[in-house]
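Engineer: predicted model and sequence follow; I will ask about them next.
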Amino acid sequence: MTDASAPITQDFVTIPRKMPDGPLNLLGLTRDALHDTLIAAGTSEKQAKMRTGQLWQWIYQKGVRQFDEMTNLSKEYRALLTENFVITLPEVVSKQVSVDGTRKYLVRIAGGHEVETVYIPETDRGTLCISSQVGCTLTCSFCHTGTQKLVRNLTSGEIIGQVMLARDDLGEWPEPGRNPANTARLLSNIVLMGMGEPLYNFENVRDAMKIAMDPEGIQLSRRRITLSTSGVVPEIARTATEIGCLLAVSFHGTTDEVRDKLVPINKRWNLEALLDALRDYPKVSNSERITFEYVMLKGVNDTDEDAHRLVELIKGIPAKVNLIPFNPWPGAPYQRSSNNRINAFAEIIYKAGYASPVRKPRGEDIFAACGQLKSATERARKSRKEIAAEAGIS
Ligand code: SAH
Ligand code: SF4
């Protein structure tokens, strides 16, 4: 069955930051949490604020992980840090590089679970697609990640850790003495479009993105971060006020009947509820426009009528429509619409006054394209029959 009627807060395995007997990992702590942690370890109240800023700069701007290398801290203070804390990233198990330059990292997190992170180089930017959960509870019928049974939320450290391990691989930490703000950015954009539903892991995603946006953190503008949701309506307003990044929504259907099948969360928050929440987003978050993602599925949601209905539905919302040719995976019950169909669909939307770019699949040869992510070791998979039954396809 789908999880469309499941509560928002779900019982995931919570991995404690402090492993039994091990030192505490500072990665991913909010400023406040780090501040309090330093005080608990013996830092004076007077110094804690300054130390927090210094540590953030070392960790997130310079990529330093050994306290001994933090040269503006006294020897005694470095010893205290070494005794109590570590700065550790999730482990990269493997890296694959596509013929088009896309890099896919298989990343192991605490407990031995794995997620995927994808770096997509383009001429004017480099985008990192990061995961927020192991698997996904939401079983969208066209998405490979949704067929993975196992789910756990990533911690904020595991989320921001993906940005840092990609920067390690790209060799993107600034040289000593160089202002990080002036460093050319190979990793200039973040999209929360990997495995998982980011708004089902709101606090960890928020805390990690705060680090990504902070002037003493990774220093990316909030307009360079896009969070994609399948439509967790109650959390959309919070995303505007508490994160303020750009929003993308997995729309994919223009009637409740079709969207119920493609994106089962629609049974809980239907098109009307979703569109109401989206209408307020640009105002509240002060961002320009919402990206409507629309996967092109042959004979399912790709007619001219669908395109006209889509335009009607989004009327009044500052928007762009990103058309995603369906990326196949083994057992998928759908096919990609033809190029002609996709172009005709795009044209209708464009003529109605909306940008309607067709997303070019990247990293297909290494199975890194949208919706194909799924950790290779995660074998527990639903059968074709189960997938088709959930999608309401006989
Ligand atoms: N869970 C979030 C973010 C991850 S999915 C969400 O659903 O928005 C990132 C995007 O890829 C979504 O728009 C999703 O609908 C799309 N997608 C999933 N499977 C796909 C596939 N097989 N082909 C093309 N796009 C797909
Ligand atoms: Fe989850 Fe997004 Fe895939 Fe749906 S499209 S199953 S919400 S990852």
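Structural biologist: Structure received. Ligands and ions are numbered 1, 2, ... in the order given.
Engineer: need the helices for the stretch 1-150 of the chain, in chain order.
Structural biologist: Assigned by DSSP state H, counting those that start in this stretch, the stretch 1-150 of the chain shows helices spanning 31-40, 45-56, 75-84.
Engineer: quick check: the gap between the residue in the stretch 1-150 of the chain positioned nearest to ligand 1 and Gly194.
Structural biologist: Of all residues in the stretch 1-150 of the chain, Cys143 sits closest to ligand 1, at 3.5 Å by Cβ to the nearest ligand atom. To be clear about C-beta, it is placed using only N, CA and C from the backbone, and glycine gets the same treatment. Computed as Cβ to Cβ, to the nearest Å, the Cys143 to Gly194 distance reads 12 Å.
Engineer: just Glu203 next, same as before
Structural biologist: Glu203 is 18 Å from Gly194, by Cβ to Cβ.
Engineer: hang on, the earlier thing: out of the helices of the stretch 1-150 of the chain, nearest to Asp256?
Structural biologist: Checking the helices of the stretch 1-150 of the chain against Asp256 by Cβ to Cβ gives helix 31-40 as the closest, at 41.4 Å.
Engineer: quick one: that closest one to helix 45-56, angle?
Structural biologist: 120 degrees (axes from the mean of the first three to the mean of the last three Cα atoms, to 10 degrees).
Engineer: any idea how far helix 31-40 is from the chain center?
Structural biologist: Averaging C-alpha positions (Cα atoms, centre = their mean, to the nearest Å) puts helix 31-40 26 Å from its chain's average.
Engineer: what residues of that helix count as buried?
Structural biologist: 31, 34-35, 37-38 (16 or more other Cβ atoms under 10 Å).
Engineer: columns pLDDT and distance to ligand 2 on top of these, output as CSV?
Structural biologist: Output for the buried residues of helix 31-40, formatted as CSV (pLDDT from 0 to 100; distance: Cβ to the nearest ligand atom, whole Å):
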residue, pLDDT, distance to ligand 2
Arg31, 96, 30
Leu34, 97, 30
His35, 97, 34
Thr37, 97, 32
Leu38, 97, 36
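Engineer: more crowded one of Glu203 and Gly194?
Structural biologist: Of the pair Glu203 and Gly194, Gly194 is the one with more neighbours under other Cβ atoms under 10 Å, namely 26 against 13.
Engineer: quick one on the thing from earlier: how about the helices of the stretch 1-150 of the chain in TSV, adding distance to Met209?
Structural biologist: Shown next, in TSV, are the helices of the stretch 1-150 of the chain (distance: least, Cβ to Cβ, whole Å):
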stretch	distance to Met209
helix 31-40	13
helix 45-56	15
helix 75-84	25
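Engineer: ok, which of those helices comes nearest Arg279?
Structural biologist: helix 31-40 (32.6 Å).
Engineer: so which bits of the protein are right by ligand 2?
Structural biologist: 136, 138-140, 143, 145-146, 196-197, 230, 250 (Cβ under 6 Å from any ligand atom).
Engineer: so where's the chain shaky on pLDDT?
Structural biologist: Across the chain, the ranges flagged by pLDDT under 70 are 1-21, 150, 175-184, 284-287, 370-394.
Engineer: dump the residues of the chain next to ligand 2 to CSV, plus neighbour count.
Structural biologist: Shown next, in CSV, are the residues of the chain next to ligand 2 (neighbours: other Cβ atoms under 10 Å):
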residue, neighbour count
Cys136, 25
Leu138, 24
Thr139, 22
Cys140, 25
Cys143, 26
Thr145, 28
Gly146, 25
Gly196, 28
Glu197, 28
Ser230, 25
Ser250, 27
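Engineer: in strands only, show me those.
Structural biologist: Within those, residues falling in strands by DSSP state E are Ser250.
Engineer: do a quick rundown of the strands in the stretch 51-200 of the chain.
Structural biologist: Along the stretch 51-200 of the chain, the segments classed as strands by DSSP state E, counting those that start in this stretch run 85-86, 91-97, 103-108, 114-121, 126-129, 133-134, 152-153, 189-192.
Engineer: could you pull up the residues touching Gly363?
Structural biologist: Going by Cβ atoms under 8 Å, 6 or more residues apart in numbering, Gly363 touches 98, 100, 102-104, 118, 120, 369.
Engineer: burial of the closest residue in space to it that isn't next to it in sequence, as a residue count?
Structural biologist: Closest residue to Gly363 apart from its sequence neighbours, by Cβ to Cβ, 6 or more residues apart in numbering: Thr102 at 3.2 Å. Around Thr102 sit 22 other residues, with neighbours defined as other Cβ under 10 Å.
Engineer: wait, isn't Thr102 in contact with Tyr119?
Structural biologist: Yes - here Thr102 reaches Tyr119: they are 6.8 Å apart, a contact under Cβ atoms under 8 Å.
Engineer: before we move on, back to that, distance to ligand 1 added to the helices of the stretch 1-150 of the chain, as CSV?
Structural biologist: Output for those, formatted as CSV (distance: least, Cβ to the nearest ligand atom, whole Å):
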stretch, distance to ligand 1
helix 31-40, 26
helix 45-56, 28
helix 75-84, 36
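Engineer: looking at this, Ala307 is in a helix?
Structural biologist: Yes - with DSSP: H, G, I helix; E, B strand; the rest coil as the criterion, Ala307 is located in a helix.
Engineer: next one: it from ligand 2, what distance?
Structural biologist: Taking Cβ to the nearest ligand atom, to the nearest Å as the measure, Ala307 falls 21 Å from ligand 2.
Engineer: report how many residues lie close to Ala174.
Structural biologist: Rather than Ala, residue 174 is Pro. 14.
Engineer: OK, contacts around the spatially most central residue of the chain?
Structural biologist: Geometric centre of the chain, nearest residue: Leu192, 1.8 Å, by Cα atoms, centre = their mean. Shown in contact with Leu192 (Cβ under 8 Å, 6+ apart): 130, 132, 198, 205, 209, 225-228.
Engineer: tell me what it is bridged to.
Structural biologist: Using DSSP bridges, the beta-bridge partners of Leu192 come out as Leu227.
Engineer: ok, it to ligand 1 distance?
Structural biologist: On the measure of Cβ to the nearest ligand atom, Leu192 and ligand 1 end up 6 Å apart.
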